[in-house]
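Participant: Curious how this folds, go ahead:
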Amino acid sequence: MITIKELTEKPELFTAGHRACAGCGPAIALRQIMKALRGPTIVTEATGCMEVVSTIYPYTAWNVPWVHTAFETAAANASGIEAALKVLKRKKRITHEHVDVIALAGDGGTYDIGIQALSGAAERGHDFLYVLYDNEGYMNTGIQRSGGTPLGASTTTSPAGTVIPGKTQHKKPIADIMVAHDIPYVATASIGYWQDLMAKVRKGLEVEGPAFLHVMAPCPRGWRSDTAKTMEISRLAVETCVFPLWEAVNGEYGLSPISKAIALKPDRKKPVEVYLKMQRRFAHLFQPKFQHIIKEIQDDTDKRWNRLLKKCNIPQVAVSKT
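Facilitator: Presented below is the predicted three-dimensional model:
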């Protein structure tokens, strides 16, 4: 496991000088990801918050080869880069043992408009790491709801009113969808647990074939949260099991250490209410007429958590505190 000392000695490949907001979770995620590289790497990134803030011409925050692509084509672009590298190696035009390829995209580039290219790349077996930085909405274009926006969240296209309690659908289980593609490696990670995140980046780079990493990355602007609380919120998402940490190696599920600790000691599992209270996008749920939505979120969280425990062959049923 990497230490703080080792972390500070590693070069900054996603550097200061970008235009991300204070407390930006995705910017923290990219810095952590780039600290985990094993060697020469090419990054391709879909249009989105992180593309916009990091590459305002003529400046760049990237110290590796970086390619911009459209919202929907990060996985397709990574497929082409990976295929080209194979040809160059065969022709002995490059001598590196490994040139890793990382595709980066947010909600739009993954859950929704980009899922076709991602599914196709997984089916073809291209060898690259796809990273979803999940800020649970289309933040770059005005905080609209996405397939990754959770139940009850108020956005500009799912506004909370007197009748509608924010978004009325649950979050799409994107990581499980990727496991169903029968690819070598799928994992979830949170910037609040940076050692776990960086270890999973390295695993995703080292496997032969497609790897998918789903990273929880809060957006203070879209979540209407305190910019100083980004890391705390990231940890609470895990501790409430709203976003448990796990990995699936060749389809076999296993819990990461913090989530395994919660599974073995259910009283460590915090109620979702403490997570929701830190985000004003959920403030309306604490009105008497919408409090049943909090119960629905808790019930759904418990259901998904227990389903995950079964996949991991852990019989313990975790009971939330009240």
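Participant: pLDDT below threshold where in this structure?
Facilitator: Low-confidence segments of the chain, defined by pLDDT under 70: 1, 316-322.
Participant: all strands in it, in order from the N-terminus.
Facilitator: Taking DSSP state E as the criterion, the chain contains strands spanning 41-46, 66-69, 100-105, 129-134, 185-190, 211-216, 246-249, 252-255.
Participant: How many neighbouring residues does the residue lying closest to residue 81 once chain neighbours are set aside have?
Facilitator: With Cβ to Cβ, 6 or more residues apart in numbering as the measure, residue 101 is the residue that lies nearest to residue 81, at 5.1 Å, once sequence neighbours are left out. Just so you know, the C-beta spots here come from the backbone N, C-alpha and C atoms, and that holds for glycine as well. Residues near residue 101, counting by other Cβ atoms under 10 Å, number 26.
Participant: if we can go back for a sec, CSV for the strands of the chain, including distance to residue 285?
Facilitator: CSV is the format used below for the strands of the chain (distance: least, Cβ to Cβ, whole Å):
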stretch, distance to residue 285
strand 41-46, 31
strand 66-69, 37
strand 100-105, 29
strand 129-134, 20
strand 185-190, 22
strand 211-216, 20
strand 246-249, 27
strand 252-255, 28
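Participant: out of those, nearest to residue 167?
Facilitator: With distances scored as Cβ to Cβ, the stretch of the strands of the chain nearest to residue 167 is strand 129-134 (14.8 Å).
Participant: Listing partners with orientation, what would you give for that closest one?
Facilitator: Counting by DSSP bridges, the strands paired with strand 129-134 are strand 100-105 (parallel), strand 211-216 (parallel).
Participant: For residue 42, which of those is the nearest?
Facilitator: Residue 42 lies closest, by Cβ to Cβ, to one member of the strands paired with strand 129-134: strand 100-105, at 5.3 Å.
Participant: who touches residue 44 in this structure?
Facilitator: Taking Cβ atoms under 8 Å, 6 or more residues apart in numbering as the definition of contact, the neighbours of residue 44 are 66-69, 74, 77-78, 81, 101-104.
Participant: Of those residues, grab the buried ones for PyMOL.
Facilitator: The PyMOL command for the buried members of the contacts of residue 44 (criterion: 16 or more other Cβ atoms under 10 Å) is given here:
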select buried, resi 66+67+69+74+77+78+81+101+102+103+104
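Participant: Widest-spaced pair of the contacts of residue 44?
Facilitator: 68 and 101 (14.7 Å).
Participant: quick one, helices of the stretch 151-300 of the chain?
Facilitator: Remark: helices assigned in the stretch 151-300 of the chain by DSSP state H, counting those that start in this stretch are 174-179, 194-206, 220-223, 230-239, 257-264, 272-276, 291-311.
Participant: relative orientation of the longest one and strand 185-190 in degrees?
Facilitator: Here helix 291-311 points in a direction 140 degrees away from that of strand 185-190 (axes from the mean of the first three to the mean of the last three Cα atoms, to 10 degrees).
Participant: Over to the fourth one?
Facilitator: Relative orientation of helix 230-239 with respect to strand 185-190: 130 degrees, computed using the same axes, to 10 degrees.
Participant: list the helices and strands helix 230-239 packs on?
Facilitator: Using 3 or more Cβ pairs under 8 Å, 6 or more residues apart in numbering; DSSP states H and E as the contact criterion, the secondary-structure elements in contact with helix 230-239 are helix 25-34, strand 185-190, strand 211-216, helix 257-264, helix 272-276.
Participant: between it and helix 257-264, how many degrees?
Facilitator: Our comparison of helix 230-239 with helix 257-264, counting by the same axes, to 10 degrees, yields an angle of 40 degrees.
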